[in-house]
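**Student:** Need a 3D model of the following:
(one chain, ligands or ions: 2)
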Amino acid sequence: MDGNGRWAAQRGWTRIKGHKMGVQAVDEVLEEAARVGIRHLSLYAFSTENWKRPAAEVSALMAMLRMYLRAFMPKLMANGIRFHHIGDKEGLPAGVAADIATLEARTAHLDRMTFHLAVNYGSRLEILHAARKCLAEGLAAADLDEAAFQQRLWTGAAPDVDLLIRTSGELRISNFLLWQAAYAEFYVTETLWPDFRAGGLREALEAYAQRERRFGGL
Ligand code: IPE
Ligand code: MG
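**Tutor:** Ligands and ions are numbered 1, 2, ... in the order given. Model prediction:
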């Protein structure tokens with residue numbers, strides 16, 4: 001989810017207002033994804049690097065996140081969507097961590113779609129954590145294969161990324177799902193995140209449907 005700040009700047013509004021509109025886009029994209037039958041949707045909300053932003057923006061984002069986690073509970077329940085946080089729980093403000101835990105627990109039985117929300121997420125850190133977990137569990141080198149490593153990532157049993165959508169025209173991966181996106185199809189749109197919405201998702205899926213995936217084969 002990128003481009004909230006630019007979306008607001010284009011209108012002479014504060015960046016915070018851009019993030020608010022970004023939350024509305026999440027709502028719409030989530031519902032559309034469930035409707036078209038996507039099984040896993042991952043959204044990158046806040047990276048391990050985003051703490052470098054001005055304190056006022058960080059605290060506004062955290063407050064908005066808490067509001068979101070509470071307000072969207074009925075929507076997730078009504079649409080059969082399981083909520084799953086990916087990221088480092090250690091560095092999260094206590095209130096955010098508590099709201100995440102509540103939402104995960106209340107939606108744990110739902111299985112139409114899983115919504116992975118990346119908060120305090122960084123892929124390198126995730127890989128390091130998985131490596132530490134292997135060591136802490138005393139896993140023998142001979143037993144460490146791709147499947148064993150993958151299941152220790154924060155994404156756990158979730159499948160690899162099929163389609164990676166980047167809004168606001170940026171051509172970077174920005175430390176997102178590096179392991180999981182090894183064979184992901186890339187889709188870059190100039191659309192800023194607050195304008196992405198259901199139609200944006202449909203266009204991305206149409207483009208994806210035209211791709212021929214060979215996974216290194218012929
Ligand atoms: C949203 O967009 C991403 C978040 C970290 C919430 P940005 O805040 O990165 O918006 P731009 O890139 O400044 O337009
Ligand atoms: Mg940005």
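
**Student:** When you work out contacts or count neighbours from here on, use the C-alpha atoms and nothing else.
**Tutor:** Will do.

**Student:** so what's the residue nearest to residue 215 when sequence neighbours are not counted up against?
**Tutor:** Among residues not flanking residue 215 along the chain, residue 183 sits closest, at 6.4 Å (Cα to Cα, 6 or more residues apart in numbering). With contacts defined as Cα atoms under 8 Å, 6 or more residues apart in numbering, residue 183 is in contact with 160-162, 215.

**Student:** Can you pull the phi/psi pair for residue 183?
**Tutor:** Residue 183 adopts backbone torsions of phi -120, psi 20, taken as degrees, to the nearest 10.

**Student:** And the residue nearest the centre of the chain?
**Tutor:** In the chain, the centroid-proximal residue (Cα atoms, centre = their mean) is residue 43; its distance is 2.4 Å.

**Student:** ok, for that one, nearest residue in space, not its chain neighbours?
**Tutor:** residue 117 (5.2 Å).

**Student:** returning to what we had before: now do the residue nearest to residue 215 against residue 107, distance only.
**Tutor:** Going from residue 183 to residue 107 by Cα to Cα, to the nearest Å gives 29 Å.

**Student:** returning to that earlier point: what's the lowest-pLDDT member of the contacts of residue 183?
**Tutor:** Ranked by pLDDT, these bottom out at residue 215 (91).

**Student:** Ends of stretch 207-215, what's the gap?
**Tutor:** One end of stretch 207-215 sits 18 Å from the other (Cα to Cα).

**Student:** and what of stretch 156-163?
**Tutor:** 18 Å.

**Student:** which residues sit against it?
**Tutor:** Under the criterion Cα under 8 Å, 6+ apart, residues 40, 150-151, 180-187, 208 lie in contact with stretch 156-163.

**Student:** Tell me the buried residues in that stretch?
**Tutor:** Buried residues in stretch 156-163, defined by neighbour count with 16 or more other Cα atoms under 10 Å: 160-163.

**Student:** starting at the chain centroid, how far to stretch 65-73?
**Tutor:** Here stretch 65-73 is found 15 Å from its chain centre; the criterion is Cα atoms, centre = their mean, to the nearest Å.

**Student:** Wondering if that stretch reaches ligand 1 at all.
**Tutor:** No. Judged by Cα under 6 Å from any ligand atom, stretch 65-73 stays clear of ligand 1, getting no closer than 9.8 Å.

**Student:** tell me the contacts of whatever residue of the chain ends up closest to ligand 1?
**Tutor:** Using Cα to the nearest ligand atom, the closest approach of the chain to ligand 1 is made by residue 3 at 3.2 Å. Going by Cα under 8 Å, 6+ apart, residue 3 touches 167-168, 192-194.
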